[in-house]
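[1] Predicted model and sequence below, questions to follow.
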Amino acid sequence: MKFRYSRHQLKGRAKVLERCFEILPGAISWTIIIGMTGLSFFYSLWAAAIMVAFVLYWVLRLLYVNIFLLASYVRLSAEKDTDWMRLISAVDVLHTTSGDVLLARKGFVFKERLAFKIHASQLKDLRSAGDLPPISSDIYHLVIMPVIRETREIVEPGIKSLMGGVYSPQRVLLVIALEERATDAVKADVYAMQKKHLRSFMDFVVVEHPSGIPGESRVKGANASYAARRAAEDFLERKIPYENVIVSCFDADTVAHAEYLACLTYHFMITPSRLRASYQPIPVYHNNFWEVPSFARIVDIGSSFFQLVESTNSEKLVTFSSHSMSFKALVDVGYWPVDMISDDSAIFWKSFIHYDGNYKVVPIYTTVSMDIAAGRGNRETFINIYKQKRRWAWGVENLPIVMRAFLKAKEISLYKRLMLGVRMFDSFISWATWSFLLAFITWLPNLFAGKEFETSTMFYMAPRIKDIIFVLSLSGLLFCMIISLLFLPSGVKAQRLSRRLLHILEWMVIPVVVLLLSAIPALDAQTRLMFGKYMDFQVTHKHRTKRHDH
């Protein structure tokens, strides 16, 4: 479907619809918070019943999340020792053999049996689909790293992670997308790294993105798109078809797992309709994990957990942060939006709409590690994290555009449009309201209740219900603690008992942290959108004094 994925330069009905859908998320969130507060004051019994039902629903959701968190962690753990290059070879010979010999079991460990079963099934499905990929020797990678103020100590570890992986960097075109307005010091760092590592890659290119191009905002997507267009010219000169190129857009601080490019190549090859898919790794925030305050660690552990859970259902998965996709698809849809802050999620919705709903996100069970937002001291760190989470929550800017597209997209089934639309609304509304409901409003009916509440059935049932809910929620929290301990970055410090005990204690402040550094930034973003106070892109401050393995 031909649709301009932007909120700018709209006219008539489209402009009115855009504004209505911009108002809706913030209006609903504030209505829930204010409405439940008012209901608690004037109709305490009704408010108490609603809140008991809500908390029970929340606990059931927590248990549901724990189940899928465990499933995703087991999958990630099972894939950890996978020989992806060996699996790539199995796909290469799929024209003549099923690959059973190459995929013979290596042992009887549960994780190895699970990995074997998954990949044997994938090979079988690919053969059945008949959509065989190009051979691996014809596949190339384009890695784009936008840089504006990140110093060498932030960027270079990511470059070295690509050089030190199991996949040959000689099949990688690395592009540093450098903003023209970057400081001389940053530019000097970038060109020094290019000179140092040039021969390690197929090519290492620095593309300076000019400021003030008409139609562009000062956003990362504009920089990355400009670099991608230059890379497209490079591939044409080399006579490499776009269908054989996988593009990865990495934040400047992204450190890829040693197996990342190999894992990505395998999933690209094994996926039918691979050109209409994005590939999403699991983001972790381990680069400076032990160098930031406790509240900073715990909030980004939550972000990783959310992505782990989302990866279990590809129908709900949307690209986030560092991700990969077919370069052919990127060119077809017109690259990343150049006037939106949330380019990482916007490129999925833009592709989904362009291909009439025939587009998906494939989870890949390997990690990319990034920095936790930091600052000089606790106060500055808190402010920087708040701004980062508000920028993530500004992904709500996609909702009005997607809703407008869905109203026109008759090629996409009504069921699919309704399902995705409801899910999109639900994710943003729950993000902004649930912590407020749990932290404050659950207690209000008891404070404002009159004598009629004391003689009601609800008055006698509530304590028992709360006891059950407390036990279930505590069990869910303990489970998250255990998974987070297993999820800690490797290295000497992570093995110390004192560090592990500290991390357990950090989970005690999770209700406060989620409220202050998740719900409030989300409500802030929705309120700004509601009043038309559009945000500008703000680069997250990155600070790293030493490297940690992940």
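    Yes, it's here.
[2] Now do the contacts for the residue lying closest to Ile139 once chain neighbours are set aside.
    Closest residue to Ile139 apart from its sequence neighbours, by Cβ to Cβ, 6 or more residues apart in numbering: Asn244 at 5.4 Å. Bear in mind the C-beta positions are built from the backbone N, C-alpha and C, glycine included. Residues in contact with Asn244 (Cβ atoms under 8 Å, 6 or more residues apart in numbering) are Pro134, Asp138, Ile139, Tyr140.
[3] Which of these ranks first by neighbour count?
    Highest neighbour count within the contacts of Asn244, by other Cβ atoms under 10 Å: Tyr140, with 21 neighbours.
[4] quick one, what contacts that one?
    Residues in contact with Tyr140, defined by Cβ under 8 Å, 6+ apart, are Arg171, Val172, Leu173, Met202, Phe235, Ile240, Asn244, Val245, Ile246.
[5] For the one helix or strand Ala522 maps to, give me every contacting residue.
    Assigned by DSSP states H and E, Ala522 belongs to helix 520-530. Residues outside helix 520-530 that contact it (Cβ under 8 Å, 6+ apart): 22-23, 25-27, 29-30, 386-387, 389-394, 396-397, 428, 431-433, 436, 534-535.
[6] neighbours around the nearest residue to Leu70 once chain neighbours are set aside, how many?
    Leaving aside its sequence neighbours, Leu70 sits nearest to Ile483 (Cβ to Cβ, 6+ apart; 7.1 Å). Applying other Cβ under 10 Å, we find 18 other residues in the vicinity of Ile483.
[7] can you check Ala177 too?
    Ala177: 27 neighbours (other Cβ under 10 Å).
[8] what is it paired to in the beta sheet?
    Using DSSP bridges, the bridge partners assigned to Ala177 are Pro146, Val207.
[9] Which pLDDT value goes with it?
    For Ala177, the pLDDT comes out at 98.
[10] Test my guess that it contacts Val147.
    Yes - the pair Ala177 / Val147 is scored as a contact, 6.7 Å apart, by Cβ atoms under 8 Å.
[11] ok, which stretches of the stretch 51-200 of the chain are helices?
    Remark: helices assigned in the stretch 51-200 of the chain by DSSP state H, counting those that start in this stretch are 84-92, 110-129, 152-163, 184-197.
[12] Can you point out the buried residues in stretch 299-313?
    299-312 (16 or more other Cβ atoms under 10 Å).
[13] how about the helices in the stretch 301-450 of the chain?
    Under DSSP H, counting those that start in this stretch, the stretch 301-450 of the chain gives helices at 327-333, 343-354, 378-393, 398-408, 414-436, 444-448.
[14] Mind picking out the helix or strand in this structure with the poorest mean pLDDT?
    helix 492-495 (a mean of 52; mean pLDDT, DSSP states H and E).
[15] mind checking how far the helix or strand just after that helix is from the chain centre?
    Where DSSP H and E defines the elements, the next helix or strand beyond helix 492-495 is helix 497-506. Taking Cα atoms, centre = their mean, to the nearest Å, one finds the center of helix 497-506 at 26 Å from the center of the full chain.
[16] So which bits of helix 497-506 are buried?
    Within helix 497-506, the residues that qualify as buried are Arg499, His503, Glu506, counting by 16+ other Cβ under 10 Å.
[17] what helices or strands is that helix leaning on?
    Contacts defined by 3 or more Cβ pairs under 8 Å, 6 or more residues apart in numbering; DSSP states H and E place helix 497-506 against helix 294-310, helix 457-486.
[18] Run the angle between it and helix 294-310 for me.
    For helix 497-506 against helix 294-310, the angle between stretch directions is 80 degrees (axes from the mean of the first three to the mean of the last three Cα atoms, to 10 degrees).
[19] got the buried residues for the lengthiest strand in the chain?
    Longest strand of the chain, by residue count under DSSP state E: strand 360-369. Using 16+ other Cβ under 10 Å as the burial criterion, the residues of strand 360-369 that qualify are Lys360, Val361, Val362, Pro363, Ile364, Tyr365, Thr366, Thr367, Val368, Ser369.
[20] Same check on stretch 6-23?
    Of the residues in stretch 6-23, those with enough neighbours to count as buried (16+ other Cβ under 10 Å) are Ser6, Arg7, Leu10, Ala14, Leu17, Glu18, Phe21, Glu22, Ile23.
[21] Give me the subset of those that lies in helices.
    Judged by DSSP state H, the buried residues of stretch 6-23 include Ala14, Leu17, Glu18, Phe21, Glu22, Ile23 as members of helices.
[22] any weak-confidence spans in the protein?
    Applying pLDDT under 70 to the chain flags residues 95-109, 446, 448-470, 490-496, 538-550.
[23] Nearest residue to the middle of it?
    Nearest to the geometric centre of the chain sits Phe320, at 2.8 Å (Cα atoms, centre = their mean).
[24] ok so, going back, wait, which of the helices of the stretch 51-200 of the chain is closest to Val284?
    Comparison of the helices of the stretch 51-200 of the chain against Val284 by Cβ to Cβ identifies helix 152-163 as nearest, at 13.0 Å.
[25] How about the closest one, which residues are buried there?
    Arg152, Ile154, Val155, Glu156, Pro157, Gly158, Ile159, Lys160, Ser161, Leu162.
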